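>>> with the input below, show me the fold.
(2 chains, ligands or ions: 1)
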Amino acid sequence: MGAIAGALERDAELMLRVREGDAASFTLLLERHRGPVIHFIFRMVQNHDIAEELAQEVFLRVYRSRASYEVTAKFTTWLFRIATHLALNWIRDGRNEKTQESLDGAQHDGVGRQVADTAPTVEQHLLREVRLREVRAAIDLLPAKQRAAVLMHKYQEMEYSQIAKVLSCSESAVKSLLFRAYETLRSRLAHMA
Amino acid sequence: MRCPVQTDNAEVLLDYCARKLSADAATALDRHIQSCGECRSFAAAQRLVWDALDAWEEAPVSSSFDTRLYARIREYENTPWWRQLALRRLFWKPLMPLAAACVAGLVLLVNIDSPRDQAPLPAVEAVDLDQVERTMDDLEMLRQLSVVPDTQRL
Ligand SMILES: [Zn+2]
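Alright, predicted model coming up:
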């Protein structure tokens, strides 16, 4: 808990330094959060190029807003609210219709890296690809807000209270979103047992 | 313990499968699950989903990501201040009521000038409204992010 609080203070401290014009602090913030933001948006929109483009917009907005930054929320809550807002808008505007990457393409999913690291057999590799494709398809079929909640809960390991702040809703609404989302995933992925 | 499924408290089972429960709570639920078929099958299915989602690993980030971002920041820094305000959309905030009034006036004029049997122009109006809505969304987000403390909103 102390380590988490320390990390939070560190982010806020860095952002306050950015506000004072310290470029090195912005670089540190970017290094700490670039990966999580891109991965989150990628899982939302399922297109790597779009995810990086939207993540650029996230960090650009952080930079533009530096002068008005106040430590009123966790830095990551603020960051993920911008990221979620941009991803939801992109999905809402239907811009994913023709740009979604083929679910067959695994070059952006770490599958290729796994092969190099552990050298599984061809069968194991194919099985992993099939499972990955099914997971991606199941996530993609979730309503966008449920998808965001699941991704923050599973991959960002956020508490219900923080997800609620990111999505600007109550904690009970988050629990309800997650419950429905996991219910759908349980039925869609049951055959993977 | 009371059955989480029967008492609408299934999030405990979500936390259990995410391994987020305290040791004591997990042990109590373990004991309950051994005697409750409903919770046992819920937990088994949920754990399967939880583990399946692990298959989606993080992808590498493009090596040019930072370079591209800093280029955009430099471009932003080199734009005149009034363009920066427009980009941040803060400039529009005081003008929004005026803009809304202009749009309303324009719509009224078009309606007065058009003969009754002439087809209206819904496409143009729809695009404008969509743009206004998107701008309002962005403004609302900036307002929430920059001004209102979390404690006041929740
Ligand atoms: Zn039970």
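
>>> so which residues of chain B form helices?
B:11-17, B:23-35, B:37-53, B:65-77, B:81-88, B:96-113, B:122-146, B:150-153 (DSSP state H).

>>> which non-adjacent residue is nearest B:Ser62?
A:Glu52 (5.9 Å; CB to CB, 6 or more residues apart in numbering or on different chains). In this view, the C-beta of every residue, glycine as well, is placed from N, C-alpha and C.

>>> that neighbour: what's it in contact with?
A:Ile38, B:Val61, B:Ser62, B:Phe65 (CB atoms under 8 Å, 6 or more residues apart in numbering or on different chains).

>>> so which of the residues you listed comes closest to A:Leu177?
Closest approach between the contacts of A:Glu52 and A:Leu177, by CB to CB: A:Ile38, at 23.0 Å.

>>> do you know how far the residue nearest to B:Ser62 is from A:Ala83?
According to CB to CB, to the nearest Å, A:Glu52 stands 12 Å off from A:Ala83.

>>> can you get me a residue count around the nearest residue to B:Arg68 once chain neighbours are set aside?
The shortest distance from B:Arg68 to any residue other than its chain neighbours is 6.3 Å, reached at A:Gln56 (CB to CB, 6+ apart). When neighbours are counted by other CB atoms under 10 Å in any protein chain shown, A:Gln56 registers 20.

>>> secondary structure class for A:Gln56?
Assigned with DSSP: H, G, I helix; E, B strand; the rest coil, A:Gln56 falls in the helix class.

>>> which residues sit in contact with it?
B:Phe65, B:Arg68, B:Leu69, B:Arg72.

>>> one more: A:Val58?
Counted by CB under 8 Å, 6+ apart, A:Val58 has contacts A:Val37, A:Ile41, A:Leu79, A:Ile82, A:Ala83, A:Leu86.

>>> hang on, isn't the fourth one packed against A:Tyr63?
No: contact status for A:Ile82 versus A:Tyr63: not in contact, 11.3 Å apart, counting by CB atoms under 8 Å.

>>> who's more crowded, the two?
Set side by side, A:Ile82 and A:Tyr63 show more neighbours around A:Ile82, with 23 against 20, by other CB under 10 Å.

>>> pLDDT score for the more buried one?
We have a pLDDT of 95 for A:Ile82.

>>> where does it fall, secondary structure wise?
Assigned by DSSP states H and E, A:Ile82 belongs to helix A:75-92.

>>> in that helix, what counts as buried?
Going by neighbour count (16 or more other CB atoms under 10 Å in any protein chain shown), the buried part of helix A:75-92 is A:75-91.

>>> and it, what does it pack against?
helix A:2-19, helix A:23-45, helix A:48-64, helix A:144-154, helix A:160-167, helix B:122-146 (3 or more CB pairs under 8 Å, 6 or more residues apart in numbering or on different chains; DSSP states H and E).

>>> let's see it at 6 Å
Helix A:75-92 sits against helix A:2-19, helix A:23-45, helix A:48-64, helix A:144-154, helix A:160-167, with contacts defined as 3 or more CB pairs under 6 Å, 6 or more residues apart in numbering or on different chains; DSSP states H and E.
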